[in-house]
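Chemist: pasting the structure only:
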DNA sequence: GCACTGTGTTGCGTACTGTGCAACGCTCGT
DNA sequence: ACGAGCGTTGCACAGTACGCAACACAGTGC
């Protein structure tokens, strides 16, 4: 859309990989050094990039501050967090909260396992959308047409033999997840990691987020983890209630769902 | 420098205040709606802004992912090293940098003392976690529950009469360290060695590393070493600032300052 | 029912703005 | 001392982003 801005913004993910000097930035962007310099200077003025002692550029503090504000604006997170902590207190495993955004499913909160062996994940990072239990729950709630379009457009990486192989299998899995109201990922992403997840619903009943408990099977077996399903669902329901209940932004909440359609 | 990019980036702090619609963004930027739209679209393509259901814009999760990735790829050692050297230049003693990893605290960098009598340590080796000043700083920053669990699980070897004797004493010491923002080890590991240490913090304020100055008391007394506390703290703070990427907006560069600012 | 205000969106001609080039200055390494 | 490699500067050109005006659409009041 806007070439200049487009180029400037492309610098950010590039620098996220690690510090880079002017030449490298210009190369990766495919522009002249002087152009890259101008863009970097502008980013620098806004504090989004930082120039270190060796003159290389890296992401700046302002970006961290903005990121902080961005995540704080996600109010589901605020509401859910204490519940996630409670759940972690009672089972000890890693607890995640994820939402749908821009055709991706992102972890937006996480409470670390209290066991020494932990799974790796990163807040803000897209989840493995075709296999993650939270992704299945969130996507299962989409309108059918959208679900189908999305399923066709996705790649299906075979992380493990149990990864979802293709669109057809994915849609079938989504249908089942939608039906049963919870989801699992048993070694579909990493061989030894299992997850069990439940949906968080908004006042209109639509899924606004999903939460999961994950643990490597060196800590607990899949069966033991599945035994946590009731408490995971209870936690998700509690979050749903609080999220739906404390929404006085509009006028009185209508009792019935969609009253009338034009 | 670059008008277009400048305008686009100005949108981010604006949205950080809260969601805004197209008109408001255009107003605040002082540009035409169509211009604002083009900029927002470009930001949107890069995932930096997100369009919510009511068509208003807010900051996107991509910001958070970028910040997260940047932090992961940051090499504290690389950033800290020149500072450690400077500190060593000024005081001559052994300077250490340590981080938390897998329930241990490890030295990851070291600048040797310029005095003939040196303390023994090795980069990559776990520190004496119950007595080392750097370990206390790093562990003092953990969430309280984790701190307590860890304290219970540790052994408390009596290296010297002044070694931390047990979990209760350790937790008490951590609380004090957390409070005062620095730590010492006065003969707690080896009878004749004293240390004074300060924390390095990341952009979110959490302790990501700790650095210390150590010297045997045949070289300097504990009191003399403690006199170095201010400079140690200043050094640690400088590392924190650089690690966080705080842009020294107007800070004069030591030599060859070409730019004259009005 | 209608006109009317308030959005967000599109196409387009203009000229402003960003671009690449070439030359410069600086710091290292040999 | 010299050259290689880097960042930086000024400038002429044209590509690109700009604002305008018109459009589409929704909600509101009459």
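Modeler: That came in fine, so what should we check first? Computed from a predicted structure; not experimentally measured.

Chemist: tell me where the stretch 151-262 of chain A has strands.
Modeler: Along the stretch 151-262 of chain A, counting by DSSP state E, counting those that start in this stretch, strands occupy A:183-186, A:193-201, A:207-216.

Chemist: a markdown table for the ones you listed, including mean neighbour count, distance to DNA strand C and mean pLDDT?
Modeler: All C-beta atoms are positioned from the backbone trio N, CA, C, and that covers glycine. Shown next, in a markdown table, are the strands of the stretch 151-262 of chain A (neighbours: other CB atoms under 10 Å in any protein chain shown; distance: least, CB to the nearest atom of the strand, whole Å; pLDDT from 0 to 100):
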| stretch | mean neighbour count | distance to DNA strand C | mean pLDDT |
| --- | --- | --- | --- |
| strand A:183-186 | 22 | 33 | 95 |
| strand A:193-201 | 26 | 28 | 94 |
| strand A:207-216 | 25 | 23 | 93 |
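
Chemist: and those: which comes nearest residue A:125?
Modeler: Of all the strands of the stretch 151-262 of chain A, strand A:207-216 sits nearest to residue A:125, with 14.1 Å by CB to CB.

Chemist: what about the closest one, near chain B?
Modeler: No - judged by CB under 8 Å from any CB of the partner chain, strand A:207-216 stays clear of chain B, getting no closer than 10.9 Å.

Chemist: for that strand, which helices and strands make contact with it?
Modeler: Packing contacts for strand A:207-216, counted by 3 or more CB pairs under 8 Å, 6 or more residues apart in numbering or on different chains; DSSP states H and E, involve helix A:75-91, strand A:94-101, helix A:133-140, strand A:193-201, helix A:229-245.

Chemist: now do stretch A:84-96: everything it contacts.
Modeler: Residues from elsewhere that reach stretch A:84-96, judged by CB atoms under 8 Å, 6 or more residues apart in numbering or on different chains: A:97, A:107, A:109-115, A:118-119, A:121, A:134, A:211-215, A:219-220, A:225, A:228, A:231-232, A:235.

Chemist: mind listing what's buried along that stretch?
Modeler: A:84, A:87-88, A:91, A:93-96 (16 or more other CB atoms under 10 Å in any protein chain shown).

Chemist: so which of the helices and strands packed on strand A:207-216 is nearest residue B:182?
Modeler: helix A:75-91 (29.7 Å).

Chemist: okay, the angle between the closest one and strand A:207-216?
Modeler: 30 degrees (axes from the mean of the first three to the mean of the last three CA atoms, to 10 degrees).

Chemist: and the residue nearest the centre of chain A?
Modeler: Closest residue to the average C-alpha location of chain A: residue A:106 at 1.1 Å, with CA atoms, centre = their mean.

Chemist: related to what we said a few turns ago, quick one: closest of the helices and strands packed on strand A:207-216 to residue B:164.
Modeler: Across the helices and strands packed on strand A:207-216, closest to residue B:164 is helix A:75-91 (CB to CB), at 27.6 Å.

Chemist: work out the gap between that closest one and the centre of the chain.
Modeler: Offset of helix A:75-91 from its chain centre (CA atoms, centre = their mean, to the nearest Å): 16 Å.

Chemist: next one: stretch A:22-38
Modeler: 32 Å.

Chemist: and of the helices and strands packed on strand A:207-216, who's closest to residue B:32?
Modeler: That would be strand A:94-101 among these, by CB to CB, at 28.7 Å.

Chemist: tell me which stretches of the stretch 1-150 of chain A form strands.
Modeler: In the stretch 1-150 of chain A, the strands defined using DSSP E, counting those that start in this stretch lie at A:49-51, A:57-59, A:94-101, A:104-111.

Chemist: could you export those as a markdown table, including mean pLDDT and distance to residue A:33?
Modeler: Formatted as a markdown table, the strands of the stretch 1-150 of chain A follow (pLDDT from 0 to 100; distance: least, CB to CB, whole Å):
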| stretch | mean pLDDT | distance to residue A:33 |
| --- | --- | --- |
| strand A:49-51 | 91 | 15 |
| strand A:57-59 | 92 | 13 |
| strand A:94-101 | 91 | 35 |
| strand A:104-111 | 89 | 34 |
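
Chemist: so for residue A:196, which of those strands sits nearest?
Modeler: Closest approach to residue A:196 among the strands of the stretch 1-150 of chain A (CB to CB): strand A:94-101, 10.9 Å.

Chemist: that closest one pairs with which strands, parallel or anti?
Modeler: Strands that pair with strand A:94-101, judged by DSSP bridges, come out as strand A:104-111 (antiparallel), strand A:207-216 (antiparallel).

Chemist: could I get the ones you listed as a markdown table with distance to residue A:191?
Modeler: Formatted as a markdown table, the strands paired with strand A:94-101 follow (distance: least, CB to CB, whole Å):
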| stretch | distance to residue A:191 |
| --- | --- |
| strand A:104-111 | 20 |
| strand A:207-216 | 10 |
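
Chemist: right, and residue A:130 touches residue A:154 too?
Modeler: Yes - contact between residue A:130 and residue A:154 holds when scored by CB atoms under 8 Å: they sit 5.8 Å apart.

Chemist: please say which of these two ends up with more neighbours.
Modeler: More neighbours surround residue A:130 than the other of residue A:130 and residue A:154, with 25 against 16 (other CB atoms under 10 Å in any protein chain shown).

Chemist: residues contacting residue A:40?
Modeler: Residue A:40 neighbours (CB under 8 Å, 6+ apart): A:11, A:22, A:25, A:49, A:57.

Chemist: give me the pLDDT value at it.
Modeler: Looking at residue A:40, its pLDDT stands at 95.

Chemist: close to DNA strand C: what parts of chain A are there?
Modeler: A:3-4, A:7, A:31-35, A:38-39 (CB under 7 Å from any atom of the strand).

Chemist: run through chain A and note the low-pLDDT ranges.
Modeler: Low-confidence segments of chain A (pLDDT under 70): A:72-74, A:116-121, A:203-204, A:244-262.
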